[in-house]
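>>> Build me a structure from this.
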Amino acid sequence: MDLGLSGKRCLVTGASKGIGRATADLLAAEGARLLLVGRDRDGLAEAAPRDAEILPADVTDADAGERIVAACVERLGGIDVLVNNAGSSFVKPLDELTDADWDGQWQLNVRGPERLMRAAAPLMAEQGWGRIVNVVSTSGKRPSLRNAAYSVTKAAQLSLSRAYADAWAARGVLVNAVAPGLTASELWKGKGGLADQTVAAGRAEDRKAAMAAAAARVPLGRFAEPHEIAAVIAFLCSERASDVVGAAWSVDGGAVPVIL
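Next up, the predicted model:
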């Protein structure tokens, strides 16, 4: 299926690894032009498909939205697609979360994406076409005590996505969210990632047990691969998703037991 993405100017945050990297690869394979954003310059350079532009930046900086979108316009000549993928989490009990933990998750999961959408949506509206996909989490649909600050701010990001969808759809800018569940990315599998943190918190004997216990709670019985999430993101970025607005698609192996 031709997704109609050839030549589209796409901005992807959190693009150096995991879902962001897989999304960049798939968009590039569809012929899109890319600006990849992340905090790790070396990781971006390694991950970037041929001819992709890279921009080391932290989306939580107060001026990041305007600065990153301006860079996309300067380097690619405009912006057609924005994928807000930057994000991270950690294992910490509710009663141990600090003000800094809550503020950090708010800036990363809500303010960062909002600033980028605020800068990008008017430019997309001027040309009468745009796609924005926010990579959220099933934790935003079903609260998790693994990190309540992450869960609560992901729920806020879902609401933010719907608000922007309602505000911009009539001008051709379609905003949607993708809610991944357990994904076999560095966030879980990497050194010091959620598997290791689960062991350190005394919730599993070792990494293997931590991963197995998590997977057992998924009806499909396994972690998703990043490219499986990326496939849904790419569709929502495409011409083919022309009647999808304000959706929050779960891509989680059936983990969230509701119809949303």
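
>>> Helices of the stretch 101-250 of the chain, start to end?
Listed in chain order, the helices of the stretch 101-250 of the chain (DSSP state H, counting those that start in this stretch) span 112-127, 148-168, 186-189, 194-200, 207-216, 226-236.

>>> what sits up against the third one?
Right, helix 186-189. Applying C-beta atoms under 8 Å, 6 or more residues apart in numbering, the external contacts of helix 186-189 come out as 17, 18, 88, 89, 182, 193, 194, 195, 211, 214, 223. Where C-beta positions appear, they are placed from N, C-alpha and C, glycine not excepted.

>>> follow-up on the earlier one: lowest mean pLDDT across the helices of the stretch 101-250 of the chain, which one is that?
Lowest mean pLDDT of the helices of the stretch 101-250 of the chain: helix 186-189, a mean of 86.

>>> Please tell me how far residue 138 sits from residue 10.
Note on residue 138: its distance to residue 10, by C-beta to C-beta, to the nearest Å, is 25 Å.

>>> quick one: which of these two has more around it?
The residue with more neighbours, out of residue 138 and residue 10, is residue 10; 26 against 21, by other C-beta atoms under 10 Å.

>>> Tell me the secondary structure at that one.
For residue 10, the secondary structure call by DSSP: H, G, I helix; E, B strand; the rest coil comes out as strand.

>>> Let me see the contact set for the residue nearest to it when sequence neighbours are not counted.
Among residues not flanking residue 10 along the chain, residue 81 sits closest, at 4.0 Å (C-beta to C-beta, 6 or more residues apart in numbering). Residue 81 makes contact with 5, 8, 9, 10, 11, 27, 32, 130, 131, 132, 133, 237 under the criterion C-beta under 8 Å, 6+ apart.

>>> try it again with 10 Å
Applying C-beta atoms under 10 Å, 6 or more residues apart in numbering, we find residue 81 in contact with 5, 8-12, 27, 32-34, 72, 120, 124, 129-133, 233-234, 236-238.

>>> Also residue 68?
In this structure, residue 68 makes contact with 11, 13, 35, 37, 55, 57-59, 61, 79, 82, 112, 115-116, 119-120, judged by C-beta under 10 Å, 6+ apart.

>>> May I ask which helix or strand encompasses it?
helix 64-76 (DSSP states H and E).

>>> With just CA atoms, put that helix into CSV.
Coordinates of each C-alpha in helix 64-76 appear next as CSV, following Å, rounded to 0.1, in the frame of the first residue of the first chain:
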residue,chain,number,x,y,z
ALA,A,64,12.3,23.9,22.1
GLY,A,65,9.0,23.9,20.2
GLU,A,66,9.6,27.0,18.2
ARG,A,67,13.3,26.3,17.7
ILE,A,68,12.8,22.7,16.5
VAL,A,69,9.9,23.5,14.2
ALA,A,70,11.9,26.5,12.8
ALA,A,71,14.8,24.2,12.1
CYS,A,72,12.5,21.8,10.2
VAL,A,73,11.2,24.6,8.1
GLU,A,74,14.7,25.9,7.4
ARG,A,75,16.2,22.5,6.5
LEU,A,76,13.2,20.7,4.8
